[in-house]
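Undergrad: just to be clear, the model below is a prediction. Sequence and coordinates:
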Amino acid sequence: MNFTETAWKVFNKSIEDYHIFDDVDTPINNPFEKDSLERILYAKNWIDTVQWHLEDIIRDENINPTEALALKRRIDNSNQQRTDLVEFIDSWFLEKFKNITPKPHAKINTETPAWAVDRLSILALKVYHMSLEAHRESATEEHRLNCRAKLDVLLMQKEDLSTSIDQLLADIENGDVKMKVYKQMKMYNDESLNPILYQKGQQK
């Protein structure tokens with residue numbers, strides 16, 4: 001089983017586990033061994049799955065404004081956790097490939113392996129939920145047909161993205177691509193970088 005096959009299997013395990021209770025407050029119960037790549041991938045997708053449903057909840061037009069603000073804060077925190085975990089996955093790959101010497105004319109990819117894996121995790125969620133819509137009995141036949149067509153496209157994307165990720169990892173391992181990681185340096189959660197936050201602190 002190659003990397004993306006493993007990742008897709010783990011992502012779907014996380015999604016299925018979440019939907020046992022389908023509750024954003026359900027605690028994670030990671031079934032994989034400590035320090036294993038599978039455990040990291042499961043944790044990554046769990047964050048994405050919970051955030052997917054938080055994004056659904058906050059779009060309720062009748063939501064209480066106070067509750068909406070609390071949800072926005074929770075989504076911001078989730079985004080930060082997601083970014084931190086993606087960067088952790090890249091650190092895992094850097095360690096894996098640390099003894100690889102890139103060839104003199106090695107290319108640099110537009111995104112790191114972990115950010116491509118991030119897209120694969122989100123894609124697993126899209127496939128899961130589009131499949132539900134494609135088979136939802138309470139929907140119209142037109143709706144189901146439209147969703148089946150979209151599902152076909154998503155499954156094609158899954159095949160293409162999986163192939164691209166596996167090729168990227170092979171190219172890094174062969175020295176044809178140089179793995180280079182930049183931290184995201186998000187500013188909005190940092191009290192020293194977000195003007196709204198640090199100006200508020202100066203006024204105290």
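TA: Cool, got the structure.

Undergrad: spatially speaking, which residue is in the middle of the protein?
TA: Of all residues in the chain, the one closest to the mean position by Cα atoms, centre = their mean is Asp118, 3.7 Å from it.

Undergrad: just checking, that residue touches Asp84?
TA: No: at 11.8 Å, Asp118 does not count as touching Asp84 under the criterion of Cβ atoms under 8 Å. Where C-beta positions appear, they are placed from N, C-alpha and C, glycine not excepted.

Undergrad: so for those two, which residues contact both of them?
TA: Both Asp118 and Asp84 lack any common contact, where contact means Cβ atoms under 8 Å, 6 or more residues apart in numbering.

Undergrad: which stretches of the protein form helices?
TA: Taking DSSP state H as the test, the helices found in the chain are 3-21, 37-58, 65-96, 113-134, 141-173, 195-202.

Undergrad: could you point out which of those sits nearest His105?
TA: helix 141-173 (12.4 Å; Cβ to Cβ).

Undergrad: still on that earlier bit, what's near enough to touch the residue nearest to the centre of the chain?
TA: Per Cβ under 8 Å, 6+ apart, neighbours of Asp118: 44, 48, 82, 86.

Undergrad: contact partners for Ile108?
TA: Contacts of Ile108 (Cβ under 8 Å, 6+ apart): 177-178, 180.

Undergrad: what stretches of the protein score poorly on pLDDT?
TA: 184-190, 193-194, 196-198, 200-204 (pLDDT under 70).

Undergrad: that older thread, need the contacts of Asp118 in a markdown table (columns: neighbour count and distance to Asn2).
TA: A markdown table is the format used below for the contacts of Asp118 (neighbours: other Cβ atoms under 10 Å; distance: Cβ to Cβ, whole Å):
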| residue | neighbour count | distance to Asn2 |
| --- | --- | --- |
| Lys44 | 25 | 18 |
| Asp48 | 21 | 21 |
| Arg82 | 17 | 24 |
| Val86 | 21 | 20 |
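
Undergrad: including distance to Ser164, could those residues go into TSV?
TA: Converted to TSV, the contacts of Asp118 look like this (distance: Cβ to Cβ, whole Å):
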residue	distance to Ser164
Lys44	18
Asp48	19
Arg82	21
Val86	17
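
Undergrad: related to what we said a few turns ago, Pro104 is nearest to which of the helices of the chain?
TA: helix 141-173 (14.8 Å).

Undergrad: could you list every helix and strand that the closest one packs against?
TA: helix 3-21, helix 113-134, strand 177-178 (3 or more Cβ pairs under 8 Å, 6 or more residues apart in numbering; DSSP states H and E).

Undergrad: thinking again about what came up before, for PyMOL, write the selection for the buried entries among the contacts of Ile108.
TA: Buried subset of the contacts of Ile108, written as a PyMOL selection, criterion 16 or more other Cβ atoms under 10 Å:
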select buried, resi 177+178
